[in-house]
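# quick check, what structure comes out for this input:
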Amino acid sequence: MSPTEKVSTDKAPKPLPQFSQAVKYNGMVYCSGSIGFDPATFTLVEGGVKNETRRALQNLAAVLEAAGSSFENVLKVNIFLTTMENFAAMNEVYDEFFQQNVKPCRTCVAVYQLPFQASVEIECTAFLNTAPKL
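Numbering: from 1, shown residues only. Predicted coordinates:
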């Protein structure tokens, strides 16, 4: 069994002390939930759910890259919205990032509230890029 490995990048918001940005294990990367925080200011971006979704996905892209993966390798996405009224707007931005033929499995649920008054939080699981074995 392979050991776990913490993933960390300054291109995404620094995590709170209770969790890692992501953890690699056994050829997979498990990304913590990402909200629309600007990594430079550690504040929520303005402009509503579309801007928050875009920033959250940009943050996840940076974490995936630091882990040795990408959106092309994402197998599962979980999305949390504070209201399903934002579902269509979130999907518009989501589609900008997930354009591959085989889309990841996905769950999207409405929740009572999210940290820092965010409108959306997104987490994902992906496999790592691997060199071809000859």
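# distance between the biggest helix by length in the chain and the chain's centre?
Of all the segments of type helix in the chain, defined by DSSP state H, the longest one is helix 49-67. Distance, stretch centre to chain centre, for helix 49-67: 5 Å (C-alpha atoms, centre = their mean, to the nearest Å).
# tell me the centre residue of the protein?
Centroid check for the chain by C-alpha atoms, centre = their mean gives residue 60 as the closest residue, at 3.7 Å.
# where does the prediction get shaky in this structure?
The model of the chain has pLDDT under 70 over residues 1-2, 131-134.
# quick one, what contacts the closest residue to residue 8 other than its chain neighbours?
Using C-beta to C-beta, 6 or more residues apart in numbering and skipping the chain neighbours, the partner closest in space to residue 8 is residue 21 (5.7 Å). Just so you know, the C-beta spots here come from the backbone N, C-alpha and C atoms, and that holds for glycine as well. Listed by C-beta atoms under 8 Å, 6 or more residues apart in numbering, the contact set of residue 21 reads 7-9, 12, 15, 31-32, 63, 66.
# please apply the same query to residue 51.
Neighbours of residue 51 in contact, by C-beta under 8 Å, 6+ apart: 36, 45.
# give me the distance between it and residue 4.
33 Å (C-beta to C-beta, to the nearest Å).
# again with residue 87
34 Å.
# comparing the two, which residue is more hemmed in?
Using other C-beta atoms under 10 Å, the more surrounded residue of residue 87 and residue 4 is residue 87, with 15 against 11.
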